[in-house]
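# Give me a 3D structure for the following:
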Amino acid sequence: MITREIKAVFDPITRLEGHLKIEITIDKVNGSQQVVDAKSTGSLFRGFENILIGRDPRDAQHITQRICGVCPVAHGMAAVKALDLAYDCTDNIPTNARIMRNLVNGSNFVESHILHFFLLSVPDFIEGPAMAPWQVDWEVDRRFSKSENDLLMSHYIQALEMRRKADQMSAIFGGRLPHPNAFIPGGFTCTPRQERIDLFNAFLDELIPFVQNVYIKDVEFLAAKYPDYLNIGQGYGNLLAYGAFDQDASGNQLLAQGQIQKGSTTVQPLDIASITEHVGYSWFKDHSPANPATGKTEAQKPKGDAYSWLKSPRYNDKPYEVGPLARMWVNGDYQRGVSTMDRHLARAQEALKIALAMKTWIAQLDASGPVYNEPNLTNIGTGIGLTEAPRGALGHWLEIGADHKIAHYQIITPTTWNVGPRDNNGLLGPLEQSLLGTHIKNADEPIEVMRIIHSFDPCLDCASHIIRPGKETKVYRLGCC
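Predicted coordinates:
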């Protein structure tokens with residue numbers, strides 16, 4: 001047990017995409033070791049918004065996909081939705097194009113959900129093989145018997161194959177993965193030939209049983225073994241979703257748009273104009289909270305008390321969590337609670353929902369139907385592309401200037417919503433808030449913190465980190481020193 005305040009820094013956090021540093025303060029509260037403060041640091045500046053200025057607008061869906069190799073499809077989708085709106089062709093997208101956009105995006109969602117649970121999160125709970133990079137390992141509470149542990153490890157291996165097949169599904173219509181090149185304003189470049197439809201169906205017939213009989217059951221098994229995590233990592237309870245997967249030309253979506261306040265079951269409408277980004281604790285030039293339609297990306301480091309390259313998105317000046325739990329809650333499909341384990345349970349159910357929807361969509365393709373209607377490329381103006389990435393709400397804000405070049409571009413990624421730092425009012429980001437009050441059994445090995453972090457599935461950019469922990473590498477800063 002600790003007798004003085006401890007500050008522990010994890011840098012970088014492993015088993016996520018990107019460069020994330022977490023600093024926590026542990027102290028005794030009512031006789032219990034708890035997290036009493038947290039700071040989340042995105043340690044890499046990207047500046048894709050600035051790269052896009054002055055370019056042909058049709059470059060946007062290709063360049064923005066390079067933000068992430070794990071969920072590039074969502075960026076391609078957000079970019080073309082913004083362009084569809086700017087070019088005034090939203091109502092003229094052929095049915096085939098709408099469906100193939102959904103199929104490529106849906107495959108990427110299911111792949112990402114499988115990746116998140118089996119490869120990034122399950123290792124927090126099971127005993128890995130006695131080999132690198134699994135060992136040396138923390139001695140933490142693991143509650144599975146050897147046979148149960150071995151079963152989950154076998155599913156870990158199986159998940160690698162199912163991920164590959166889901167990626168192949170995206171490539172069938174997308175042209176390749178990562179960074180499919182079939183997304184264009186006005187439609188899609190791929191044609192739905194029958195052999196492509198048949199191949200996609202064959203993969204889907206393997207994927208659906210895996211999600212139903214392995215993924216969902218394993219998540220439910222984990223929740224049964226770790227029921228305490230249904231009350232850990234709760235955060236603010238504010239949830240937000242932009243909506244995704246257009247079902248028809250009139251705007252009906254498989255996953256609805258809306259927002260939830262403080263864990264309510266009442267879904268409220270979303271006002272896009274109420275979205276702002278704060279930069280008080282971010283390494284960007286200070287300005288008043290701004291909507292992305294007018295916001296800027298101007299780096300400034302060092303800067304006072306700033307500690308992250310992520311901005312702090314807010315809705316009506318309040319922090320909101322985004323992701324599968326937010327989507328399923330807004331959609332009315334999952335409303336048990338907001339916690340570490342709820343994020344896993346909702347994500348698994350969403351994977352099945354999307355996989356089953358793809359079975360319906362693939363049957364609606366017309367092998368001889370059109371895939372593209374040329375937009376009016378002489379249009380100038382603005383467009384907003386709102387969609388969902390596997391990790392949550394994704395928005396692209398675009399302005400096309402009089403020279404028909406990109407004059408303004410701003411992007412808010414899901415991880416910026418979830419993992420951003422304090423805002424101008426001092427309110428912690430959703431991940432930071434979710435760590436507060438967490439009981440820490442062993443301050444030397446705070447596995448509880450890692451499990452909460454991984455439940456958000458942070459994605460700051462594409463990177464791989466492997467760390468071999470050793471006791472000699474721990475550095476604690478005690479008290480005021």
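
# Report the contact partners of the residue nearest to residue 446 when sequence neighbours are not counted.
Nearest residue to residue 446 in three dimensions, chain neighbours excluded: residue 440, at 4.9 Å (C-beta to C-beta, 6 or more residues apart in numbering). (C-beta placed from N, C-alpha, C; glycine too.) Listed by C-beta atoms under 8 Å, 6 or more residues apart in numbering, the contact set of residue 440 reads 26, 33-35, 446, 448-449.

# quick one: which of those residues is nearest residue 89?
residue 449 (47.1 Å; C-beta to C-beta).

# Now stretch 264-273: buried residues?
Across stretch 264-273, burial judged by 16 or more other C-beta atoms under 10 Å covers 267, 270.

# nope, stretch 23-42 is what I meant
By 16+ other C-beta under 10 Å, the buried positions in stretch 23-42 come out as 23-27, 33-36, 38-42.

# Tell me where the stretch 1-150 of the chain has helices.
48-52, 60-63, 72-86, 95-114, 146-174 (DSSP state H, counting those that start in this stretch).

# about what we covered before: could you single out the nearest of the contacts of residue 440 to residue 196?
Distances from residue 196 to these, taken by C-beta to C-beta, are shortest for residue 449, at 44.9 Å.

# right, and that closest one touches residue 438 too?
Yes. With contacts defined as C-beta atoms under 8 Å, residue 449 counts as touching residue 438 at a distance of 6.6 Å.

# Are there residues contacting both of the two? Which ones?
Shared contacts of residue 449 and residue 438, defined by C-beta under 8 Å, 6+ apart, comprise residue 35.

# Please report how far residue 388 lies from residue 417.
In this view, residue 388 and residue 417 are 12 Å apart by C-beta to C-beta, to the nearest Å.

# At the geometric centre of the chain, which residue do we find?
Centroid check for the chain by C-alpha atoms, centre = their mean gives residue 391 as the closest residue, at 1.7 Å.

# what about the closest residue to it other than its chain neighbours, how many neighbours?
What sits nearest to residue 391 in space, not counting adjacent residues and going by C-beta to C-beta, 6+ apart, is residue 414, at 4.0 Å. Using other C-beta atoms under 10 Å, residue 414 is surrounded by 27 other residues.

# OK, contacts around residue 414?
Residues in contact with residue 414 (C-beta under 8 Å, 6+ apart) are 322-323, 389, 391-394, 459.

# go with 6 Å
Residue 414 is in contact with 322, 389, 391-394, counting by C-beta atoms under 6 Å, 6 or more residues apart in numbering.

# Quick one: mean pLDDT for stretch 305-321?
Average pLDDT, stretch 305-321: 97.

# for it, which positions count as buried?
Buried residues in stretch 305-321, counted by 16+ other C-beta under 10 Å: 306-315, 318-321.

# nearest to residue 110, of these?
residue 321 (21.6 Å).

# Find the nearest non-adjacent residue to the closest one, please.
residue 430 (4.3 Å).

# Quick check, that neighbour in contact with residue 416.
No. Using C-beta atoms under 6 Å, residue 430 is not in contact with residue 416; the gap is 10.7 Å.

# where in the stretch 351-481 of the chain is pLDDT low?
Within the stretch 351-481 of the chain, the stretches with pLDDT under 70 are 461-481.

# One more: the stretch 151-300 of the chain?
Within the stretch 151-300 of the chain, no stretch falls below the threshold (pLDDT under 70).

# And the strands in it, which stretches?
Ranges of strands in the stretch 151-300 of the chain, per DSSP state E, counting those that start in this stretch, are 183-184, 187-188, 239-241, 244-246, 253-255, 258-260, 275-278.

# what sits up against the fourth one?
Okay, so that is strand 244-246. Here strand 244-246 has contacts from 98, 102, 253-255, 387-388, using C-beta under 6 Å, 6+ apart.

# Once you drop chain neighbours, what's closest to residue 11?
By the measure of C-beta to C-beta, 6+ apart, the closest residue to residue 11 outside its immediate chain neighbours is residue 21, 3.9 Å from it.

# quick one: terminal-to-terminal distance for stretch 436-452?
Taking C-alpha to C-alpha, to the nearest Å, the first and last residues of stretch 436-452 lie 11 Å apart.

# and what of stretch 116-128?
End-to-end for stretch 116-128, by C-alpha to C-alpha: 17 Å.
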